[in-house]
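1. give me a 3D structure for the following:
(one chain, ligands or ions: 1)
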Amino acid sequence: SVKAVMICGENGKFSAGADIKGFSSPKRRGIALGPIVSLIERSEKPVVAAIEGVALGGGLEVALGCHYRIAHVKARMGLPEVTIGLLPGAEGTQRLPRLVGVPAALDMITTGKVLCLVIPPAWPKTHEFLLPMYLPDVDALFCNSIFLPPGQPLGPRRLSLKPVPKLPNMEAFLSEALVKVKKQAHGCLAPELCFQAVKAATEQPFADGVRREQELFNVLLTSGQAQALQYAFFAERAVQKWTTPSGASWKISDSVSLLSLGLGTMGRGIVTSLVKAKIPVVALEQDLEYLNMGRKAVMFLLEREAMKMEQGAQTLDFHNPARLQFTVDFDVLRDVDLVIEAVFENMALKKEIFHKLSRICKPGAFLCTNTSALNINEIASATSRPQQVIGTHFFSPAHVMKLLEIIYGHHTSPTTIATAMQLAKVLKKVGVVVGNCFGFAGNRMMFPYAQQAVFLLEEGSRPEAVDQVIEDFGFRIGPFRMSDLAGLDVGTPARQRHGHRYSPLPDLLCENGRFGQKTGKGWYQYEKAGGRTAKPDPWLHSFLSQYRDTHRIKTRFIDQEEILERCLFSLINEGFDILAEGIASGPEHLDVIYINGYGWPKHRGGPMFYASTVGLSRILAKLQKYSEAHPDVPGLQPSAFLKKLVAMGNPPLKEWMSYLSRPNNKL
Ligand SMILES: CCCCCCC/C=C/C(=O)SCCNC(=O)CCNC(=O)[C@H](O)C(C)(C)COP(=O)(O)OP(=O)(O)OC[C@H]1O[C@@H](n2cnc3c(N)ncnc32)[C@H](O)[C@@H]1OP(=O)(O)O
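-> Alright, predicted model coming up:
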């Protein structure tokens with residue numbers, strides 16, 4: 001007597017797909033979702049997927065096996081398997097191209113992007129709750145009637161029986177698409193295998209395509225990259241859970257007002273990011289000329305962001321003074337709830353400003369500093385409310401980069417930490433709480449990495465060789481291209497001495513007017529000042545030779561292994577010290593910082609996860625070897641904590657912190 005079946009989710013969500021934890025569980029072995037989807041499709045009774053909230057991964061694949069799909073206007077759909085190192089392994093790579101065509105299916109499957117419904121303006125508003133599923137750029141077949149026509153044969157509704165829509169130039173299209181996929185993958189395997197699975201749909205009958213999908217799925221399932229990406233998925237969520245026994249919290253509501261102080265590069269990005277999050281913001285500068293320059297730059301950024309959004313400028317509402325105001329009048333400080341200071345990186349200046357803030361701001365206001373390295377306690381000491389002072393280290397460009405490093409000082413209260421974490425959440429950033437030390441967690445680990453890169457040049461390597469190795473590893477940009485981009489005159493504390501070997505090379509380049517891209521010359525040469533295309537520079541090569549001759553440094557050939565290990569293992573080594581000192585509360589925190597703030601390739605899981613896959617004993621042995629060969633080079637002497645973990649038999653990453661006796665009392 002059943003007429004039709006409707007599959008729906010619970011609590012406003014259709015399905016987030018397979019349980020990601022299960023992929024590494026032995027219980028999962030042998031269970032497959034594809035045959036269940038096929039069974040649904042073969043049903044003699046019509047089956048409808050009613051999609052509300054998210055339909056992701058295996059969830060969307062179930063919907064693709066149904067004969068009809070209807071969706072709530074706010075539904076979000078996607079096949080994000082590629083982001084966790086897999087492919088849609090429940091026949092999704094074969095059904096989706098049959099439904100939406102190869103270009104749209106390839107785009108969804110190889111990027112994992114999650115799509116919202118785009119409702120054509122002409123559609124009646126009366127059916128707001130359940131609308132036919134409609135995705136942008138998609139074949140009209142995707143829009144189904146919400147009424148099941150009685151007695152309609154189900155054959156044409158079974159996607160597996162449909163042909164993949166032809167393209168006039170399929171072969172050319174696929175070769176171009178593969179080039180694009182490889183370029184964007186930066187060494188990650190899953191996008192290319194996703195591509196291969198969709199390609200199979202264009203070449204083979206459904207059943208053969210499914211077999212190919214399974215083969216490729218199994219390759220990915222057992223790959224280290226899938227494990228790294230799944231670890232990163234859970235690590236990102238774990239580090240954002242910050243609670244205190246007292247349950248300290250702070251809500252950012254519409255009535256809260258924030259002030260950003262300083263409209264340099266960082267301040268501009270911070271203001272843009274606050275406006276994007278719809279938080280009322282006042283932008284304050286000390287000087288009218290800087291204010292006007294800053295205003296122009298912020299407006300430019302906001303116009304660009306608005307263009308990317310569906311309803312554009314209207315949604316951001318940034319011409320409304322109640323939402324965004326520019327001023328040089330420090331009196332506005334009296335009314336704001338939270339200040340983010342982003343002035344020049346200079347302790348005396350920051351202290352002067354914090355003293356002023358502390359005098360003018362209302363007693364409850366939180367005072368955040370966007371320093372990237374300076375001592376939070378010293379900044380807080382200039383105020384009468386050190387408990388409300390905290391570091392909020394944004395990464396450039398601040399309206400794009402996902403990381404917010406949150407640094408608590410000696411006196412910072414739990415409520416202040418909770419506030420900064422809440423700020424990160426509202427800004428859709430990943431907030432990671434760390435302790436106070438020079439460079440905090442992220443930059444402190446970056447210093448030895450940058451230092452090693454320069455030492456390698458002294459010893460015989462070239463910027464392009466070092467960058468190539470690091471980029472082949474998966475970083476988007478190597479240390480020298482990055483240095484040229486940021487500007488060589490932007491203080492990299494890699495030049496600090498502390499009684500160890502120090503390389504003056506970056507300073508010498510600055511003395512020669514080579515500040516990087518902005519002057520058209522740095523570690524590389526560029527087509528013009530401000531140019532972006534880095535070319536190896538013969539001038540630099542002969543400068544390096546002369547430098548080595550002057551200092552009687554014997555040039556030697558440095559292989560790729562040494563470049564990679566000295567740069568990355570010194571960074572990881574510093575990470576072990578940071579953990580031992582309680583600056584970060586776990587290796588996951590350092591990994592999330594590196595993936596979201598420093599371009600560490602996600603498919604390698606972050607530096608500490610990578611260390612666990614390389615093996616701690618190997619890392620220790622290599623550090624010992626390099627530090628013996630270069631006893632004067634800082635950053636290569638193995639961390640005591642690393643040695644301890646090796647002595648304890650190389651325990652798994654999740655147990656590392658249990659080998660430390662000093663618990664971190666704030667986190
Ligand atoms: C039976 C055999 C099956 C074989 C199937 C083969 C093919 C199928 C493959 C897949 O389906 S792979 C999974 C694809 N799905 C995803 O990648 C979705 C991942 N999740 C998200 O994108 C987001 O979590 C969300 C669903 C959009 C919700 O985001 P929101 O910001 O609202 O909350 P979160 O903090 O992210 O998540 C809450 C909570 O839920 C956990 N979680 C979410 N999705 C999954 C999942 N797919 N598996 C396991 N756990 C998941 C997440 O970790 C959070 O947990 P807690 O931190 O609160 O413990």
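2. chain center to the helix or strand hosting Ala283, what's the gap?
-> For Ala283, the host element (DSSP states H and E) is strand 281-284. In terms of C-alpha atoms, centre = their mean, to the nearest Å, the centre of strand 281-284 is set 27 Å apart from its chain centre.
3. for stretch 171-185, same thing?
-> For stretch 171-185, the distance to the chain centre is 23 Å (C-alpha atoms, centre = their mean).
4. run through who's touching it.
-> With C-beta atoms under 8 Å, 6 or more residues apart in numbering as the test, stretch 171-185 has contacts from Val102, Pro103, Leu106, Thr110, Thr111, Leu167, Pro191, Glu192, Cys194, Phe195, Lys199, Thr202. Using the backbone N, CA and C atoms, a C-beta is placed for each residue, glycine as well.
5. just the CA coordinates for stretch 400-407, please, in CSV.
-> The C-alpha trace of stretch 400-407 is given here as CSV (Å, rounded to 0.1, in the frame of the first residue of the first chain):
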residue,chain,number,x,y,z
VAL,A,400,41.3,36.6,3.8
MET,A,401,43.5,34.5,6.1
LYS,A,402,41.6,32.2,8.4
LEU,A,403,43.9,32.1,11.4
LEU,A,404,43.6,34.3,14.5
GLU,A,405,46.4,33.6,17.0
ILE,A,406,45.1,34.6,20.4
ILE,A,407,47.8,35.3,23.0
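6. one step back: quick check on the contacts of stretch 171-185: which are buried?
-> Among the contacts of stretch 171-185, those buried by neighbour count (16 or more other C-beta atoms under 10 Å) are Val102, Leu106, Thr110, Thr111, Pro191, Glu192, Cys194, Phe195, Lys199, Thr202.
7. among the residues you listed, which pair sits farthest apart?
-> Farthest pair in the buried ones among the contacts of stretch 171-185 (C-beta to C-beta) is Thr111 and Thr202. Separation: 18.4 Å.
8. my guess is Asp107 contacts Lys113. True?
-> Yes: counting by C-beta atoms under 8 Å, Asp107 touches Lys113, with 7.1 Å between them.
9. from the contacts of stretch 171-185, pick the one nearest the ligand.
-> Taking C-beta to the nearest ligand atom as the measure, the ligand lies nearest Cys194 of the contacts of stretch 171-185, at 12.1 Å.
10. point me to the residue of the stretch 201-350 of the chain nearest the ligand.
-> Counting by C-beta to the nearest ligand atom, the stretch 201-350 of the chain gets nearest to the ligand through Arg237 (3.9 Å).
11. distance check, that residue against Met401.
-> 19 Å (C-beta to C-beta, to the nearest Å).
12. quick one, which of these two is more surrounded?
-> Met401 (18 against 12; other C-beta atoms under 10 Å).
13. list the contacts for the more buried one?
-> Taking C-beta under 8 Å, 6+ apart, one finds Phe394, Phe395, Lys429, Asn596, Gly597 in contact with Met401.
14. phi, psi for the second one please.
-> Meaning Phe395. Backbone torsions of Phe395, given as degrees, to the nearest 10, read phi -120, psi 140.
15. who touches it in this structure?
-> By C-beta under 8 Å, 6+ apart, the contact set of Phe395 is Met401, Leu403, Glu405, Gly597.
16. ok, now with 10 Å
-> 266, 269, 372, 401-405, 429, 442, 593, 596-599 (C-beta atoms under 10 Å, 6 or more residues apart in numbering).
17. check these one by one and keep those near the ligand.
-> For the ligand, no contacts are drawn from those by C-beta under 6 Å from any ligand atom.
18. how does this protein divide up, domain by domain?
-> Using automatic domain parsing, the domains assigned to the chain come out as 5-222, 258-439, 443-550, 560-659.
19. could these be laid out in TSV, adding distance to Ala232?
-> Shown next, in TSV, are the domains of the chain (distance: least, C-beta to C-beta, whole Å):
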stretch	distance to Ala232
domain 5-222	8
domain 258-439	11
domain 443-550	13
domain 560-659	5
